[in-house]
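1. predicted coordinates and the sequence they were generated for:
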Amino acid sequence: MIVASEAEAFRVVNSAPEMVDALEAIQRTSFPSLAESEIITAAHYKAHIRRFPEGQFAVVTRGGRVVGCSTDFRTDFDFDRIEHRYIDAVDHNWLGNHDPAGGWLYGADIGVLPEYRGRGVARLLYRVRHDLVRRLGLKGHIAGSMLRGYGRWKDQMPVDLYVAGVIEGRLVDPALSVHLKCGFRVHGIIQNYVTDSSCDHKAALIVWENPDYRETSTSRT
């Protein structure tokens, strides 16, 4: 359990079965333009908790309300061939591709209720995920950062220039800008990651490397 710094208003716990309806509600408010077939439902969240319980986190208020959550699984990854579909990576949201011996933590999802955004909830979730990476002795944390602001710019510039602008701080993207502040770097652009017009279906492959990782590290499941 970890407590946030905002007057100790939040705590992070591993997601539990009794939270799954609240988790689905967070998912739907966080991704209103995502295709229904790619939405994580309560049934999916139950499966995640059974499959990899230590990789599922929820942020809870002092009053017990679930206001944010994240989903992860372990995998190996080919950084020379980054193009892939989110829905395939997560086995249609069932996390069937979770490999208990995988060297990387793959960030499948993160969401925060709208009224709690801008209060450090997402950063808190990334902090505990990176703590998990260190604890398991993994190489790092990877994810597809949906380019949530690119849909408004797609007719004005190609996606590589948009991403460069976000990295340089000339543009602000609702997702990627936060990820960069959390210590991620951009490895490349995934052209057909999700079915979502807000990002023109695109994502940046982001990487956070474990500073404590050594090739001789023994991953612990």
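-> Everything's here; your move.
2. any idea how far Asp200 is from the residue in the chain sticking out farthest from the centre?
-> Most distant residue from the mean C-alpha position of the chain: Gln156, 27.6 Å away (CA atoms, centre = their mean). In this structure, Gln156 and Asp200 are 12 Å apart, going by CB to CB, to the nearest Å. In short, each C-beta sits where N, CA and C put it, glycine included.
3. and if you look at Ala143?
-> Distance from Ala143 to Asp200, by CB to CB: 18 Å.
4. how about stretch 143-160: buried residues?
-> Neighbour-count burial for stretch 143-160, with 16 or more other CB atoms under 10 Å as criterion, is recorded at 143-151, 153-154, 159.
5. next SSE downstream of the strand or helix carrying Glu24?
-> For Glu24, the host element (DSSP states H and E) is helix 20-30. Sequence order places helix 42-51 as the next helix or strand after helix 20-30, per DSSP H and E.
6. tilt between that next one and helix 20-30?
-> Relative orientation of helix 42-51 and helix 20-30, computed by axes from the mean of the first three to the mean of the last three CA atoms, to 10 degrees: 120 degrees.
7. what's the next helix or strand after helix 42-51 packed up against?
-> Sequence-wise, the next helix or strand downstream of helix 42-51 (DSSP H and E) is strand 56-61. With contacts defined as 3 or more CB pairs under 8 Å, 6 or more residues apart in numbering; DSSP states H and E, strand 56-61 has these neighbours: strand 10-14, helix 42-51, strand 66-75, helix 121-136.
8. just those: most buried one?
-> Each of these was scored by mean neighbour count; the highest is strand 66-75, a mean of 24, by mean count of other CB atoms under 10 Å.
9. I'd like the next helix or strand past it.
-> By DSSP H and E, the next helix or strand past strand 66-75 is helix 86-89.
10. what's the mean pLDDT across that following helix?
-> Averaged over helix 86-89, pLDDT sits at 96.
11. same question, stretch 35-44
-> 95.
12. ok, now how distant is Arg87 from Ala58?
-> No Arg there; residue 87 is Ile. In terms of CB to CB, Ile87 sits 23 Å off from Ala58.
13. between the two, who's got more neighbours?
-> Ala58 (21 against 15; other CB atoms under 10 Å).
14. which helix or strand in this structure has the lowest average pLDDT?
-> The weakest-scoring helix or strand in the chain, judged by mean pLDDT, DSSP states H and E, is strand 2-3 (a mean of 45).
15. possible to save the helices and strands packed on strand 56-61 as JSON lines with distance to His179?
-> Listed next are those as JSON lines, based on distance: least, CB to CB, whole Å:
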{"stretch": "strand 10-14", "distance to His179": "18"}
{"stretch": "helix 42-51", "distance to His179": "21"}
{"stretch": "strand 66-75", "distance to His179": "13"}
{"stretch": "helix 121-136", "distance to His179": "8"}
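16. the ones you listed: which one's closest to Glu24?
-> helix 42-51 (4.6 Å; CB to CB).
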